[in-house]
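Structure for this input, please:
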Amino acid sequence: MKVQYINPFVDASFKVIEMVLNMKVEKGQLAMRPAVFTSQQCNIITGVTGKVEGQVMYGMSLITADKVASQMLGQPVRTFDQLAASAIAELGNMITGNASVLLSEAGYSCDITPPSIIRGTNVKMSTLNIPALVVPLCIDLGEIELTVSLQER
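Presented below is the predicted three-dimensional model:
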């Protein structure tokens, strides 16, 4: 996978998280996976279509998801309900949308699909046989695992 596909998502993640959650982001140790896979309990998945195609996933623990949703909504989330899921999905949508603009500016015009929330552990998707790069994003509320699996069309 080309670094030109990854950097827009890392840059957009830093920008959106700093703006929406009002906190600094630190990048953790990168890892490669042979497919899109997560061990996280709450995952936002968006598709990317166009000159580059594939999937992007933002995974986190339910505790982190509750904290992020609480910060976004400005009120405590006691149970991960539809409103909390909507807030988390919107975070993924904003990051992916910003990244798609950066990809387009780099010559890779693309569109994104609406985000989906998948809860549970050991989730594996195999719609495309594309290796995935995992970038841990460390914030005060926990860790968000950014997984990017894109290829040029």
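
Check the average confidence over the longest strand anywhere in the chain, would you?
Longest strand in the chain by number of residues (criterion: DSSP state E): strand 142-152. The pLDDT scores in strand 142-152 average 93.

Strand partners (parallel or antiparallel) of it?
Applying DSSP bridges, strand 142-152 is found paired with strand 52-60 (antiparallel), strand 132-139 (antiparallel).

How about the contacts made by Val148?
Applying Cβ atoms under 8 Å, 6 or more residues apart in numbering, we find Val148 in contact with 1, 5-6, 9, 54, 56, 132-133, 135. Yep, even glycine has a C-beta here, placed from its N, CA and C like the rest.

Would you point out the most distant pair within these?
Farthest apart among those by Cβ to Cβ are Gly54 and Val135. That separation is 14.8 Å.

measure the residue nearest to Val135 when sequence neighbours are not counted to Gln71 for me?
Computed as Cβ to Cβ, 6 or more residues apart in numbering, the closest residue to Val135 that is not its neighbour in sequence is Leu146, at 4.4 Å. For Leu146, the distance to Gln71 (Cβ to Cβ, to the nearest Å) stands at 18 Å.

So for the two, which residue has more residues nearby?
Ranked by neighbour count (other Cβ atoms under 10 Å), Leu146 and Gln71 place Leu146 first, with 25 against 20.

May I have the beta-bridge partners of that one?
Tyr58, Val135.

Surely it is in contact with Val134?
Yes: taking Cβ atoms under 8 Å as the definition, Leu146 is a contact partner of Val134 at 7.1 Å.

So, low pLDDT: which residues of this protein?
By pLDDT under 70, the weakly predicted segments of the chain are 1, 35-37, 122-128.

Let's see that with 80 instead.
Counting by pLDDT under 80, the chain has low-confidence residues at 1-3, 34-39, 120-129.

What segments of it are helices?
Shown for the chain, the helices assigned by DSSP state H span residues 3-20, 62-73, 82-105.
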